[in-house]
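K.L.:
fold the stuff below for me.
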Amino acid sequence: MNTYVTGAAIKQLREKQNLTQAELAERIGVSSKTVSKWETAKGLPDISLLQPLAQVLGISVMELMQGQQIENKNISANMLRSKFYVCPLCGNVIHSMGDALFSCCGIQLPALEAEEGDEEHILTMENVEDEQFLTIAHPMTKQHYISFLAYVTSDRLQMVKLYPEGNAETRIRLRGRGFLYYYCNRHGLFKKKV
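P.N.:
Residues are numbered from 1 along each chain as shown. Modelled structure (predicted):
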């Protein structure tokens, strides 16, 4: 990710909006020469101009700084296309039903890619009454632990937050087909089809 907006990004986004340099300049209250300097890498917009610039270009400030617009193709919000984001500093967990742009603690968060569980991250399920008792034989120390378990179907999400020095287990009522997700703070996101 770029640490600041680039001239190439401004030009690309301006052209996508069918704006001339003069039209963009007028809308944000600068000269067309200033916009030209930005686009030719001879200057950068002042931080106070990022919000108005992003607004005129029809994107968020984060998208402007990244240099591309996020377009969520999950129009029907199918929950089976869920994405999870975890902040490496505070452990905040964010769920979305498609592509999105999130930041936490000043860091842009990438969507986690889920893998099938390996021999160190095996999820076991046991019927208990009308629920499933889920267990992961995994360390739960302050340095290495399972952060959450989530069950996602086409129309619902159940998430259980787990904590270090607890147990990597919970009970969840499984309804229909879906995926179980679980996140190890060292090894990433895992999933199991149910």
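K.L.:
buried ones in the lengthiest helix in the chain, by neighbour count?
P.N.:
For the chain, the longest helix by residue count, based on DSSP state H, is helix 7-16. Buried residues in helix 7-16, counted by 16 or more other CB atoms under 10 Å: 7, 9, 10, 11, 13, 14. Where C-beta positions appear, they are placed from N, C-alpha and C, glycine not excepted.
K.L.:
I'd say the fourth one and residue 39 touch.
P.N.:
Yes - in terms of CB atoms under 8 Å, residue 11 counts as a neighbour of residue 39; the distance is 4.4 Å.
K.L.:
got the CA coordinates for the helix or strand of the chain with the lowest mean pLDDT in PDB?
P.N.:
Taking mean pLDDT, DSSP states H and E as the measure, the chain has helix 61-66 as its least confident helix or strand, at a mean of 77. C-alpha atoms of helix 61-66 as PDB (Å, rounded to 0.1, in the frame of the first residue of the first chain):
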ATOM      1  CA  VAL A  61     -10.000   8.600   1.700                       C
ATOM      2  CA  MET A  62      -8.600   5.000   2.200                       C
ATOM      3  CA  GLU A  63      -9.400   4.100  -1.300                       C
ATOM      4  CA  LEU A  64      -7.800   7.300  -2.500                       C
ATOM      5  CA  MET A  65      -4.600   6.500  -0.600                       C
ATOM      6  CA  GLN A  66      -4.600   3.000  -1.900                       C
END
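K.L.:
by contact count, what packs against that helix?
P.N.:
Judged by 3 or more CB pairs under 8 Å, 6 or more residues apart in numbering; DSSP states H and E, the packing partners of helix 61-66 are helix 7-16, helix 50-57.
K.L.:
give me the neighbour count for residue 167.
P.N.:
Residue 167 is flanked by 12 other residues according to other CB atoms under 10 Å.
K.L.:
picking that back up, list the buried residues in the least confident helix or strand of the chain.
P.N.:
Within helix 61-66, the residues scored as buried using 16+ other CB under 10 Å are 63, 64, 65, 66.
K.L.:
can I get the residues you listed in CSV with distance to residue 115?
P.N.:
CSV is the format used below for these (distance: CB to CB, whole Å):
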residue, distance to residue 115
63, 28
64, 32
65, 30
66, 25
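K.L.:
in a markdown table, list the helices and strands packed on helix 61-66 along with distance to residue 174 and mean pLDDT.
P.N.:
Formatted as a markdown table, these follow (distance: least, CB to CB, whole Å; pLDDT from 0 to 100):
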| stretch | distance to residue 174 | mean pLDDT |
| --- | --- | --- |
| helix 7-16 | 44 | 86 |
| helix 50-57 | 43 | 89 |
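K.L.:
thank you kindly, that will do.
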